[in-house]
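>>> Have a look at this prediction, sequence included:
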Amino acid sequence: MKEVIFETCGMPLEVLKLVESEIPEPKGHEVQIKVIARNINPSDIMFVRGMYGITPKLPSSAGFEASGVVTKSDDAGKVPVGTRVMFTAIGTWREYLCIPANLVIPVPQGMSDEVACQAFVNPMTAFGMIEKSGLKSGDWLLITAGASAFGKFAIQMAKAKGIMVACTVRQDSQKDYLKELGADLVINTEKEKLQKMIAEQTGEGVSVVFDAVGGVLGAKALASLKSGGRMMVFGLLSLENIPLNSGLLIFKNITVEGFWLSTWMESMTDSERKTVFKSVFGFLLASDSKVDVGETFPLEKFKEAIVAYETQGRNGKILLMS
């Protein structure tokens, strides 16, 4: 089988390579999956660079999220051959892999592989952060990197709850589309002053910030919170930590906390997780929900896919297909 691996951590275009490997055989509690579609997330790139919360065991394949079809069932027959599944695993940029049967999620009827391969990380994170934030109808939410896949999901989910949404972009071309999704205010931080526009629109500031960028933009987003506001940090696209203003934390009673999907999912009961899956999948299958796909590439053209992923102003997910 073909798989994309790295033997040392570094820039993906420099360390990733395509190799031929043996097709893995499942253990008794595992299923074998032919991988059909994989999306490229920021976490995939950070993992290859050795900068993610999970340390690679080298050599390793890249990628965390995918969809496919079961080609060999587990001994108990929990997931029959032919079942279309979505899943997260370490190293999905390969043609086949084996994972425990209890970790795969059957793809709902009517959901394409292109949607299924991105149906977990970003929409689940958006749903979880909105739930945990405590935001209510009429409250203001600020999302940094609003044109990201996460941002687009969060905008749509927040608007369904009546939450007012502001978000940041770096390209004017992204403004109209995000407003069509439901954003009330879209700020190009390359040209416009974030804090000034937030103050003019909201009066006292936003209730919650979802920050995926960090660095200077993260600091400006923090300063856009109203008294008693809350920043939820889930990414570091700038690769720079937020320079925290202690005065803001003290005198405006602001809190800053992290959010990691794995931790949130592990905190729930099986029943609670099923309810979350039902809600998120219902959203993804709704006729008025928008799930963007930018370009698709065969696995062996992973380098072209990474170049497309890194293109500024890109709209839609970049997928690797088999």
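Right, received. Where do you want to start? Predicted model, so just to flag it, every value in this text is computed and none were measured.
>>> going forward, measure contacts and count neighbours with C-alpha atoms only.
Will do.
>>> Give me the residue at the spatial middle of the chain.
Central residue of the chain (C-alpha atoms, centre = their mean): residue 122, 3.0 Å from the mean position.
>>> tell me the contacts of that residue?
Counting by C-alpha atoms under 8 Å, 6 or more residues apart in numbering, residue 122 touches 149-150, 153.
>>> Same check on residue 6?
Residue 6 makes contact with 15-17, 48, 58-62 under the criterion C-alpha under 8 Å, 6+ apart.
>>> with the residues you listed in mind, which one is nearest to residue 306?
Using C-alpha to C-alpha, residue 16 comes nearest to residue 306 of the contacts of residue 6, at 10.5 Å.
>>> that older thread, I'd like the contacts of residue 6 as a markdown table, with neighbour count appended.
Converted to a markdown table, those look like this (neighbours: other C-alpha atoms under 10 Å):
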| residue | neighbour count |
| --- | --- |
| 15 | 15 |
| 16 | 21 |
| 17 | 16 |
| 48 | 26 |
| 58 | 11 |
| 59 | 11 |
| 60 | 20 |
| 61 | 22 |
| 62 | 25 |
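>>> For these, work out which two are farthest apart.
Farthest apart among these by C-alpha to C-alpha are 17 and 58. That separation is 13.2 Å.
>>> which outside residues touch whichever strand or helix holds residue 177?
Using DSSP states H and E, residue 177 falls within helix 175-181. Contacting residues not belonging to helix 175-181 are listed as 146-147, 152, 155-156, 169, 185-187, 290 [C-alpha under 8 Å, 6+ apart].
>>> Recalculate using a threshold of 7 Å.
With contacts defined as C-alpha atoms under 7 Å, 6 or more residues apart in numbering, helix 175-181 is touched by 155-156, 186.
>>> quick one on the thing from earlier: between the contacts of residue 122, which sits nearest residue 243?
residue 150 (23.6 Å).
>>> Touching, the closest one and residue 124? I think so.
No - judged on C-alpha atoms under 7 Å, residue 150 makes no contact with residue 124 at a distance of 9.1 Å.
>>> so where do the helices sit in this protein?
12-15, 42-48, 113-116, 121-133, 149-160, 175-181, 194-202, 215-223, 246-251, 261-266, 270-285, 302-309 (DSSP state H).
>>> Mind listing what's buried along the fifth one?
By neighbour count on 16 or more other C-alpha atoms under 10 Å, the buried set for helix 149-160 is 149-159.
>>> And the third one, by the same measure?
Judged by neighbour count using 16+ other C-alpha under 10 Å, the buried positions of helix 113-116 are 113-116.
>>> try the longest one
Within helix 270-285, the residues that qualify as buried by neighbour count (16+ other C-alpha under 10 Å) are 276-277, 280-281, 283-285.
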